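# 3D, please:
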Amino acid sequence: MKFISSPLRARKRFPSRHAALIFLAGVLSLPAAASTQVVAEEVQMMRIANQAEALGTLRANEAVAITATLSEQVSAIHFDDGQMVEAGALLVEMNSAEESALLEEAEVNHREAQRHFDRITQLAANGTASQAQLDEARREANAAEARLAATRSRLKNRIITAPFAGVLGLRNISVGSFVEPGDVITTLTDDSRMKLDFNVPALLLPNITKGLAISAKTPAYPEQEFLGEIYSIDNQVDPVTRSIRVRALLPNEAHLLKQGMLMTVTLFYREREAMVLPEEAVVLDGTQAYVLVAKPAGDGGWTVERRDVTTGMRPMGRVEILSGLQLGEQVITHGHTKIKPGDAVALASLEQVMDHAAF
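So this is what the prediction gives:
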């Protein structure tokens, strides 16, 4: 059999004074309200640099148009379109039958004149030849040597070679073509590294030095970044644009970059060690920037403190802190909307905070 107490009987068993004491004891024994969970990150040092952007045009390290130097018929071609060649490589031969014959004649005349000079020199030493005969033999030997050099030079003009190592362009002639001085036979570029010319404001001159690092991108390869450094700076400022031309060098071992390409250039200057925070940690109040710092409390917890800060540049999702914080301080990055200065908080990971829907 079950016995159920009525409210009347309960009141008789528990007088009102005792009930009040029990209720008050229960209230005093309730746990304190949990601290708001927030995410914080330490103030850290990071190597950063200021950045400036410009547009530049690529030029080959060396580039030349291979042209004919005389009027003659092409007798042989020794290259193909786009061929890689070494310095001095034979490219084109002109008709040179007459010059080859003249060269043989000049060589014979030179040898004969030299032998005659050597013979007169010995006779003059023995006193059997006069000084006038020796001078005449010397003059003839020198003249023969000069004629030989001139003939070799004319023959050399009929042989076209590569002035430096590089990549040849399109061939503009065929065997049997008649060329004249100035006719372009092909082009030659040394694209093992590329020159990138661009203009920067003259105000940046104190920060731009030879060897300064740059990064460049081109629409032809949107996912690829090309790194290089400043090679030279022009010696005058443009009086109209108040800018100065700068030249950088980019390695091009894969031969992806071509002369004439347009590139977006990013310069990195004033490289330094600086205190940084994630961008989401900085809050703007009008023109004043501030952060919320988690300060250790005496009970092992954390309390919120507002700290006005001076910011600098913003590299890669972070903010440079010029003043207002110290290295190692815990700055709240997530949870600002649920807290205010003086509140007690608990530090947690971003995943924990999101799981508890703290903000």
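
# Strands along the stretch 151-300 of the chain, start to end?
159-161, 166-168, 178-179, 184-201, 213-218, 221-233, 243-251, 262-278, 283-285, 288-296 (DSSP state E, counting those that start in this stretch).

# Show me how far the third one is from its chain's centre.
With C-alpha atoms, centre = their mean, to the nearest Å as the basis, the distance from the averaged C-alpha position of strand 178-179 to the chain average is 44 Å.

# need the strands of the stretch 151-300 of the chain in CSV with mean pLDDT and mean neighbour count, can you?
Every residue, glycine included, has its C-beta placed from N, CA and C. CSV is the format used below for the strands of the stretch 151-300 of the chain (pLDDT from 0 to 100; neighbours: other C-beta atoms under 10 Å):
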stretch, mean pLDDT, mean neighbour count
strand 159-161, 88, 17
strand 166-168, 92, 21
strand 178-179, 90, 17
strand 184-201, 94, 20
strand 213-218, 94, 19
strand 221-233, 94, 14
strand 243-251, 95, 19
strand 262-278, 91, 17
strand 283-285, 90, 11
strand 288-296, 93, 18
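
# Low-confidence regions, the stretch 51-200 of the chain specifically.
97 (pLDDT under 70).

# pretty sure Leu102 contacts Thr151?
Yes - with contact defined as C-beta atoms under 8 Å, Leu102 reaches Thr151; the gap is 5.1 Å.

# Could I get the buried residue list for stretch 101-114?
102-103, 106, 109-110, 113-114 (16 or more other C-beta atoms under 10 Å).

# ok, of those, which one's closest to Glu279?
Among the buried residues of stretch 101-114, Leu103 lies closest to Glu279 (C-beta to C-beta), at 76.5 Å.

# hang on, Ile244 packs against Leu203?
No - with contact defined as C-beta under 8 Å, Ile244 does not reach Leu203; the gap is 10.0 Å.

# for the closest residue to Thr209 other than its chain neighbours, which residues make a bridge with it?
The shortest distance from Thr209 to any non-neighbouring residue, by C-beta to C-beta, 6 or more residues apart in numbering, is to Ile230 (7.0 Å). Under DSSP bridges, the beta-bridge partners of Ile230 are Ala248.

# and the longest strand that the chain contains, how far from the chain's centre?
When the chain is parsed with DSSP state E, its longest strand is strand 44-67. Remark: strand 44-67 is offset 6 Å from the chain centroid, using C-alpha atoms, centre = their mean.
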